[in-house]
Each structure stands twice: as structure tokens, then as C-alpha cells.
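S.K.: I need the structure of the sequence given here:
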Amino acid sequence: MLHRGQESTDGTGGGELTVPMAWLYAEYIADELLRTGDLMPPTSFEFRAGRDALALTIFLSDTDGELSGIRVVTQLETWLSLTAYDQPWQDWVGERMSRLTAEAAESGADAPDLELAEAAWRWLEETELLAPDLDAVPGPGSGGGPVTGEDDGPKVWTPAWQLGLPLGHLAIHLF
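M.R.: Okay, here's the model as predicted:
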């Protein structure tokens, strides 16, 4: 799958700088969705996790090879379904990345968009963030009352994608 961003900026393709426009555009859309939702400070790791998870979703769901600004609103439902809680998003990303990597290797073309997507995916998988344990059930001796402060309650180290995905999903809902 070739994206417009895989051609040189002047269209000659003569070994010049290749601009990863498809990835940069996906990242821009994700950033705007998260900023509009105003869920996290843009400087936080949680925001980055949400932006990268959404950008991957946007980039990888573009099966036609051309992200179009006009189609953004029509794609919201697709992105919403891909980021839903009950979907195997991590498996979908892995399969899609493998397919795109194989296609890029087969064509022998530069794939700067794919390289940036792979870097984002590595960060999301390898980075863990300390987050509230949403699966923890208050029991005897834990106070049993509601958590009132952000430092209260048990916390666990969570892969960044597991925090970023629901954040991105919520940002789409709020858009």
C-alpha cells in the first residue's frame, strides 16, 4: 500500500527526501481529536499514548492508501468501532503492521510512514505507565469508600496502549 507521502515532495521520486505525509496527517487528526476532548494535558504521557493509539488506528484503517480530510467525519464510526473495549485492537494492529511491512519489503520502496507507525507501536507496547487499577475491588481494610483523590487507590503498571486506546475512544465520542 503506497501512500501519497511515499513519493518525494516534488513528485520526481528521484532519491530525494520522502515526507511521511500519511503518518503525519494521521497523527494530526489524532492530536486534534484529543485536544478537542480536553481529557489530558497535551504534555502528559497519557496524551501521547492516546495520540499514538489513535494515529495508529487512523493510519492502519486507511486501506485505500489515501487519507482525505473530507472523509474524516465519515471515518469516525470506523475508528470508534476499532477502538471499542471489546475489540482485539492489539491483534488487529499487529496483523496490519505485518501486512504493510511485507508489502513494503516486496515493493522495495521507502516507507517512512510505516517506519513512524512502527516506532509509535513499539513505544505503545514497550512503555508502561502507572495508572489506577480499574479491576481492583475495594475490600475489607481498603476503606471501602469511593476514591476521592487521584493518588488514592491501588495502581498498576499498564502498557501505554491500554491507557491510550480508551482515551482515544473517548476523544472520538466527545468530538
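
S.K.: where in this protein is the helix or strand with the lowest mean pLDDT?
M.R.: helix 72-82 (a mean of 84; mean pLDDT, DSSP states H and E).

S.K.: how about it: buried residues?
M.R.: Buried residues in helix 72-82, defined by neighbour count with 16 or more other CB atoms under 10 Å: Val72, Gln75, Trp79, Leu82. From N, CA and C alone the C-beta is placed, and that goes for glycine too.

S.K.: turn those residues into TSV, including distance to Leu39.
M.R.: Shown next, in TSV, are these (distance: CB to CB, whole Å):
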residue	distance to Leu39
Val72	19
Gln75	20
Trp79	16
Leu82	19
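
S.K.: show me what the helix or strand just after the least confident helix or strand of the chain is packed against.
M.R.: With elements assigned by DSSP states H and E, the helix or strand that comes after helix 72-82 is helix 89-107. Helices and strands touching helix 89-107, by 3 or more CB pairs under 8 Å, 6 or more residues apart in numbering; DSSP states H and E, are helix 45-61, helix 112-126, helix 160-174.

S.K.: what comes up buried for helix 89-107?
M.R.: Trp89, Gln90, Val93, Arg96, Met97, Leu100, Ala104.

S.K.: what's next to that helix, contact-wise?
M.R.: 1-2, 53, 56-57, 60, 82-83, 111, 114, 117-118, 121, 161, 165 (CB atoms under 8 Å, 6 or more residues apart in numbering).

S.K.: change it to 10 Å
M.R.: 1-3, 6, 53, 56-57, 59-61, 63, 82-83, 88, 109-111, 113-115, 117-118, 120-121, 124-125, 159, 161-162, 165, 168-169 (CB atoms under 10 Å, 6 or more residues apart in numbering).

S.K.: pLDDT on it, on average?
M.R.: Mean pLDDT, helix 89-107: 92.

S.K.: same question, stretch 46-64
M.R.: For stretch 46-64, the mean pLDDT works out to 91.
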